[in-house]
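Asker: Here is a sequence together with a model predicted from it:
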Amino acid sequence: MAQRLALCRLLSRPARGSLASHGRAFSTSAGRRNTFNVQDGSDFQDRVVNSPKPVVVDFHAQWCGPCKILGPRLEKLVSKLEGKVLMAKVDIDDHTDLAIEYEVSAVPTVLAMKNGDVVDKFVGIKDEDQLEAFLKKLIGA
């Protein structure tokens, strides 16, 4: 698995530059204020580990097909919760150290964090009902 991730990382590097220019890291729409891209380890510590609100952490990669389906689905449900939970997006190619620290061996991997601790986790794609149940369990609804 590590060899496959390394190979995919190498293959995806030239294409990533063109994706970054679309400004997806910054959004001003009301529905997306609760979702953010992690910039570095310090940003992760400040906005995820030290967050007073529960945080869903989406470990993904640009080359991952299921990630492209799960990410928007999860964002939509997080925005419906109107600030009760935040969503952090972590690209494993940019933040390999965080992926290793949180034992991410496949993408997509989604962690539920509360008070700096991982309280739940799933790997792979889920439908909206499963994601809703995951989020409700995180916020205690």
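Answerer: The structure has been received and is ready for your questions.

Asker: ok, now which ones touch the most centrally placed residue in the chain?
Answerer: Computing the C-alpha centroid of the chain and ranking residues by C-alpha atoms, centre = their mean puts Asp58 first, at 1.7 Å. Taking C-beta atoms under 8 Å, 6 or more residues apart in numbering, we find Asp58 in contact with 67, 70-71, 74, 87-90, 108, 110. (Each C-beta comes from the backbone N, C-alpha and C, glycine too.)

Asker: do that again at 6 Å, thanks
Answerer: Applying C-beta atoms under 6 Å, 6 or more residues apart in numbering to Asp58 gives the contacts 71, 89, 110.

Asker: Likewise for Met113?
Answerer: Contacts of Met113 by C-beta under 6 Å, 6+ apart are Val55.

Asker: what about it, which helix or strand?
Answerer: Here Met113 sits within strand 109-114, counting by DSSP states H and E.

Asker: Give the partner strands of that strand in its sheet and their orientations.
Answerer: Looking at strand 109-114 with DSSP bridges, its partner strands are strand 55-60 (antiparallel), strand 117-123 (antiparallel).

Asker: Sort out which residues of whichever helix or strand comes after the longest one are buried, please.
Answerer: Next helix or strand after strand 117-123 toward the C-terminus (DSSP H and E): helix 128-139. For helix 128-139, the neighbour count (16 or more other C-beta atoms under 10 Å) marks 131, 134-135, 138 as buried.

Asker: now those as CSV including distance to Asn50 and pLDDT?
Answerer: Below are the buried residues of helix 128-139 laid out as CSV (distance: C-beta to C-beta, whole Å; pLDDT from 0 to 100):
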residue, distance to Asn50, pLDDT
Leu131, 25, 97
Phe134, 22, 98
Leu135, 21, 97
Leu138, 17, 96
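
Asker: Name the nearest of those relative to Ser51.
Answerer: Distance to Ser51, by C-beta to C-beta, is smallest for Leu138 among the buried residues of helix 128-139, at 12.1 Å.

Asker: Touching, that closest one and Pro54? I think so.
Answerer: Yes. At 4.8 Å, Leu138 counts as touching Pro54 under the criterion of C-beta atoms under 6 Å.

Asker: coming back round to it: need the pLDDT of the residue nearest to the centre of the chain.
Answerer: Asp58 carries a pLDDT value of 98.
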